[in-house]
Structure formats: structure tokens, C-alpha cells
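Participant: need a structure here:
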Amino acid sequence: MGDKNAKGTLALRSETRQLAAIAYGESSPKDDQDEMFALASVLVRQRDARGYKDIMSFARKEKTFAFAVSDGNRRYADMMKASEKDIELHPGMKMAILAATNALEGGEDKSNGAYFWDGADIKANYKHHFKVRRGIKFTDPSHNIYGIQESTKVVIKYKTTKVKNTSTGKVSMTRVEVGRYDQQYDSTAAYGGTIFWKFNPQFLEVTHGWEYK
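Facilitator: Down below sits the predicted model:
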């Protein structure tokens, strides 16, 4: 769990505790191991993609990825103040430490390459949900843990170009399709109460976007 301090006892690294507490806070009360492992992996992937030196800097600046840090989340607060002995005796917290350690050491990625996630809010706020409005698709039926509808729709991107008639010399404007996609988000996994997502490849190709934002 950490390094030995001057007294020879095991000291939990602050980076490990911080990541574990966020994963624990963002996960469902089910204390699902795969869910916490996946959340920790996404957080580290986003931290690295956005160029932050540590999880706390990332959490403070990118609040949408770690609401647990600032919204009064009880699970997050409990883990941040828990002693190492308390953590060892608590199955969920101990599991969160394992998840954080795995992610920080580049271990197994249970999220399957995800950069985003959603909890129960995607069902409760379905009609107005950010991702739903931009298009979601479940790549595996088992990912649809809330029984919601996909929101795919064809989006076509065009570019306007000038075309000169070689006979008359007249210039006209024409629209040319540069690409299309059906949704922005593809599911990658689902555990506990969390669905994990990444951008649809066609969406990234058409928009020349970044995988992480």
C-alpha cells in the first residue's frame, strides 16, 4: 500500500490515497471491484492526457471528472480521513487502494480504454443529459445497466468549396460531404452503477477531435 516511514510502519502514498478516494467516492455503494478498477484507470488516463503532474491537480482543475472531491461526497470524505488501519479493515476502501495502485502502476484496464463515465444520472436526467443529446451507442447489450435507449442519429459534416466553370469562368459554391457519424459516444464497459465510454472513431475522424475531450 505504500512505503515504510521512519517508524517502520507502512505509509500510504498521498497520490494513491487521493486516487483511491475519488474512485471510491465516484463508485456505487455496491463496492464493485471492477467498477473501482475501471474508474481509477480512467482517472489516470485523463490525468496523463491532460498533462497534470498528479491526481489532486487534475481533480481541482477538471471538476467534471471528480465531483466527489468538491460536492460533499460522503464516501470520498470518509476515505480521505480514514486511518490506514481503518482502510485495511474496510473491504470497499481496501479494494479502492488496490484499484488505485493498479492504475498508477499501469495494470489491467477494466474500462477497456474509456475516457468518460456516467452513473445513475444518465437515466434520471436522460432527456437533458449531455451525452444522450450528442448520441450514445451500447457496443454490448450488457453495458446498458440502466435500460435506457440509444440516441444514435446520422450527422453529416460538409465543407463549402469554390468551383470555377472552365468554359464561362464563373465561380460557384458547392457543398461537399467530408464525413458522417451516428453517435459521439460508444460504451466500453459497465460495472456496479457506472457505464464507461469513449468517443466513436468516426466522430473523431470527422471532427479531428481529441480522444479525451
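Participant: And the contacts of the longest helix along the chain?
Facilitator: Taking DSSP state H as the criterion, the chain has its longest helix at helix 33-49. For helix 33-49, the surrounding residues in contact (Cβ atoms under 8 Å, 6 or more residues apart in numbering) are 19-20, 22-24, 26-28, 54-55, 58, 62, 65-66, 95-96, 98-100, 102-104, 108-111, 114-117, 189, 191-194, 196, 210-212. (Each C-beta comes from the backbone N, C-alpha and C, glycine too.)
Participant: Show me what counts as buried in it.
Facilitator: Within helix 33-49, the residues that count as buried by 16 or more other Cβ atoms under 10 Å are 33-47.
Participant: Name the SS class of Tyr146, please.
Facilitator: Following DSSP: H, G, I helix; E, B strand; the rest coil, we place Tyr146 in the coil state.
Participant: my guess is it meets Ile195, correct?
Facilitator: Yes - Tyr146 lies in contact with Ile195 (Cβ atoms under 8 Å); the separation is 7.4 Å.
Participant: Now do the shared contacts for those two.
Facilitator: Taking Cβ under 8 Å, 6+ apart as the contact rule, Tyr146 and Ile195 both touch Ile122.
Participant: out of the two, which sits in the busier spot?
Facilitator: More neighbours surround Ile195 than the other of Tyr146 and Ile195, with 27 against 16 (other Cβ atoms under 10 Å).
Participant: related to what we said a few turns ago, in strands only, show me the contacts of helix 33-49.
Facilitator: Residues of those located in strands (DSSP state E): 116-117, 189, 191, 194, 196.
Participant: of those, buried ones?
Facilitator: Buried, going by 16+ other Cβ under 10 Å: 116-117, 189, 191, 194, 196, out of the ones in strands among the contacts of helix 33-49.
Participant: Can you add distance to Met80 and pLDDT and give those residues back as JSON lines?
Facilitator: Below are those laid out as JSON lines (distance: Cβ to Cβ, whole Å; pLDDT from 0 to 100):
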{"residue": "Phe116", "distance to Met80": "24", "pLDDT": "97"}
{"residue": "Trp117", "distance to Met80": "21", "pLDDT": "97"}
{"residue": "Ala189", "distance to Met80": "27", "pLDDT": "98"}
{"residue": "Tyr191", "distance to Met80": "23", "pLDDT": "98"}
{"residue": "Thr194", "distance to Met80": "20", "pLDDT": "98"}
{"residue": "Phe196", "distance to Met80": "24", "pLDDT": "98"}
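Participant: Which pair of those residues spans the longest distance?
Facilitator: Farthest apart among these by Cβ to Cβ are Phe116 and Tyr191. That separation is 14.7 Å.
Participant: pLDDT at Asp3, what is it?
Facilitator: Asp3 is assigned a predicted lDDT (pLDDT) of 45.
Participant: Can you tell me the centre-most residue of this protein?
Facilitator: A centroid search over the chain (Cα atoms, centre = their mean) returns Phe116, at 2.1 Å, as the residue closest to the centre.
Participant: Apart from its neighbours in sequence, what residue is nearest that residue?
Facilitator: Spatially, and ignoring its direct neighbours in sequence, Phe116 is nearest to Trp197 (4.4 Å; Cβ to Cβ, 6 or more residues apart in numbering).
Participant: Tell me how many other residues crowd that neighbour.
Facilitator: Look at Trp197: counted by other Cβ under 10 Å, it has 26 neighbours.
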